[in-house]
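J.: Provided below are the primary sequence and the corresponding predicted coordinates.
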Amino acid sequence: MKKYAYIGCLGFVAVITTEFGIIGILPQVAEHYKISIDKAGYLLSAFALVIALTGPFMTLLTSGINRKNIMLAAIFMFLITGIVSSFSPPFWLLMLVRILPAFLQPVYIATALSVAISNADESKKNGLMSIVFNGVAIAMVTTVPFATWISGLWSWEYSFMIQTIVSLIALIAIYFFLPSIPVKEKKSYGSQVRILTQSPFILSTLANFFMVTAWFCTYSYFAEYLGKGKGMNTSMVSYMLLLFGVIGIMANWIAGKMLNKNVAGTMAFFLSGTILIPVLLYVSDGSSWATILVIAIWGFLYSPSFLNASSYMISSAPNALEFANSLATSFGNLGVTLGTTVGGWIIITKGVEYTPWIGSVFGVLAFLMMIVRNLLEKKRSREVSGCQI
């Protein structure tokens, strides 16, 4: 039902505000605690690492709990940690309350997606998933920049109040508008973990990992690239971020429609951006209007990446929906970590203008994983047809 998808989307806004809202206030946090910027960055990297390492296991452990209750518990955790963080606690405590909600983030995402499509027709599932995933794009153009603006207007502690307010609104929506959803039949751990031995799912997971890595080699340094690589000032960069996010909302909606018709084809179409965008950025050099057009195309092709990855992975594991989604979240965060690390290394050793090109290498690897999965599935299909004859 669309109502459930919109509720899941609202919670997603709270989740993304918490994860990425810290980016804009890291310098202020470092100054407040008298620490280096890289140490302050642990508030972001530790969050992503916890998600990557614990997501699938937490999803398995909570697979038998009432879906409404687990969504309430997850958002409540985000609410409490936002309140504690807004009081500028000792750095060790701030780090702790940053890490705690990360344990439940992939659980929330997997559950929200499962609830949104639980009673939907097969032809509508990807469209409903796109509504939930729109929470990412909405947060990136509303609450995340707003939290940064508030911190500049007053102080960094106030940015955590944005997280708290959004979490409270999501909590109220889940409590009053989402019915109790008990798990009718809990699947055994073995039946869910079994997908880890299936070649199509492994290849889909690797495609997801390489795709996200490809995008984040440059996206993690979006402002740095546009500033030093394209000569844009801070004000212009902020407008480009807004353009990127607005285009992303539209892209998620379109991707949802396309996924209903062809999952692999849609994945390949948007993945092509990891190879196309470096070329377009290169040829647009020196022209501001051409660069703006490329950024719009970039936002369009990048934004549905997490939706496409989840849909592509689920298509190879339809009987372990939530576990597959949690793995998509985990490997997506591993891709964020690797892409950011590799991109940073390239900037230091070569220069920021090279980051899109190194990203395209990972994009090619993602395409190779898709090709191998397609060949493997065709081979198995022929074998099945031969046996039936």
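T.: Nice, thanks for sending it over.

J.: The closest residue to Leu93 other than its chain neighbours sits in which helix or strand?
T.: Residue nearest to Leu93 in three dimensions, not counting chain neighbours: Val84, with 7.3 Å by C-beta to C-beta, 6 or more residues apart in numbering. In short, each C-beta sits where N, CA and C put it, glycine included. Using DSSP states H and E, Val84 maps to helix 67-85.

J.: If you count contacts, what does that helix end up packed against?
T.: Applying 3 or more C-beta pairs under 8 Å, 6 or more residues apart in numbering; DSSP states H and E, one finds that helix 67-85 contacts helix 2-20, helix 91-117, helix 157-177.

J.: okay, those helices in TSV with mean pLDDT and mean neighbour count next?
T.: Output for those, formatted as TSV (pLDDT from 0 to 100; neighbours: other C-beta atoms under 10 Å):
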stretch	mean pLDDT	mean neighbour count
helix 2-20	85	24
helix 91-117	86	22
helix 157-177	90	20
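
J.: For Leu376, which of these is the nearest?
T.: helix 91-117 (25.7 Å; C-beta to C-beta).

J.: Show the average pLDDT along the next helix-or-strand element following the closest one.
T.: Under the assignment DSSP H and E, the closest C-terminal helix or strand after helix 91-117 is helix 125-141. Helix 125-141 shows a mean pLDDT of 76.

J.: Does anything pack onto helix 125-141? Which helices or strands?
T.: Of the remaining helices and strands, those touching helix 125-141 by 3+ C-beta pairs under 8 Å, 6+ apart are helix 2-20, helix 91-117, helix 234-261, helix 305-314.

J.: which residues touch the residue nearest the centre of the chain?
T.: Relative to the mean C-alpha position of the chain, the nearest C-alpha, by C-alpha atoms, centre = their mean, is the one of Phe306, at 5.2 Å. Phe306 is in contact with Phe133, Val136, Val212, Ala328, Gly332, counting by C-beta atoms under 8 Å, 6 or more residues apart in numbering.

J.: now Leu43: how far from Met77?
T.: Distance from Leu43 to Met77, counting by C-beta to C-beta, to the nearest Å: 16 Å.

J.: coming back round to it: quick one: which of the contacts of Phe306 is nearest to Ala255?
T.: Taking C-beta to C-beta as the measure, Phe133 is the one of the contacts of Phe306 closest to Ala255, at 8.5 Å.

J.: okay, the closest residue to that closest one other than its chain neighbours: pLDDT?
T.: Among residues not flanking Phe133 along the chain, Leu307 sits closest, at 4.2 Å (C-beta to C-beta, 6+ apart). Leu307 is assigned 82 on the pLDDT scale.

J.: And Leu307, how far from Phe244?
T.: Leu307 is 16 Å from Phe244, by C-beta to C-beta.

J.: Who has more neighbours out of those two?
T.: When neighbours are counted by other C-beta atoms under 10 Å, Leu307 and Phe244 differ, and Leu307 comes out ahead with 28 against 21.

J.: isn't that one right next to Ser130, touching?
T.: Yes. With contact defined as C-beta atoms under 8 Å, Leu307 reaches Ser130; the gap is 5.6 Å.

J.: okay, and the common contacts of the two?
T.: Contact criterion C-beta under 8 Å, 6+ apart; residues shared by Leu307 and Ser130: Asn252, Ala255, Gly256, Leu259.

J.: show me what contacts Ile292?
T.: Residues near Ile292 by C-beta under 8 Å, 6+ apart: Met240, Leu243.

J.: ok, now how distant is it from Gly152?
T.: As judged by C-beta to C-beta, Ile292 and Gly152 stand 25 Å apart.

J.: And for Asp121?
T.: Asp121 sits 47 Å away from Gly152, taking C-beta to C-beta as the criterion.

J.: Restricting the selection to alpha carbons, write stretch 274-281 to PDB.
T.: Backbone C-alpha positions of stretch 274-281 (Å, rounded to 0.1, in the frame of the first residue of the first chain) are rendered in PDB as follows:
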ATOM      1  CA  THR A 274      29.600   5.600 -13.800                       C
ATOM      2  CA  ILE A 275      31.300   5.500 -17.200                       C
ATOM      3  CA  LEU A 276      29.400   8.300 -19.000                       C
ATOM      4  CA  ILE A 277      29.700  11.000 -16.400                       C
ATOM      5  CA  PRO A 278      33.600  11.100 -16.300                       C
ATOM      6  CA  VAL A 279      33.600  11.600 -20.100                       C
ATOM      7  CA  LEU A 280      30.900  14.400 -19.900                       C
ATOM      8  CA  LEU A 281      32.700  16.100 -17.000                       C
END
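
J.: Quick one, which of the contacts of Phe306 are buried?
T.: The neighbour count (16 or more other C-beta atoms under 10 Å) marks Phe133, Val136, Val212, Ala328, Gly332 as buried among these.

J.: before we move on, the earlier item: between Asp121 and Gly152, who's got more neighbours?
T.: The neighbour count for Asp121 versus Gly152, taken as other C-beta under 10 Å, is higher for Gly152 (13 against 9).

J.: gap between the more buried one and Phe146?
T.: With distances taken as C-beta to C-beta, Gly152 is found 11 Å from Phe146.

J.: Repeat that for Ser155.
T.: Going from Ser155 to Phe146 by C-beta to C-beta gives 15 Å.

J.: There's contact between Phe362 and Gly343 in this structure, I believe.
T.: No. Phe362 lies out of contact with Gly343 (C-beta under 8 Å); the separation is 10.5 Å.
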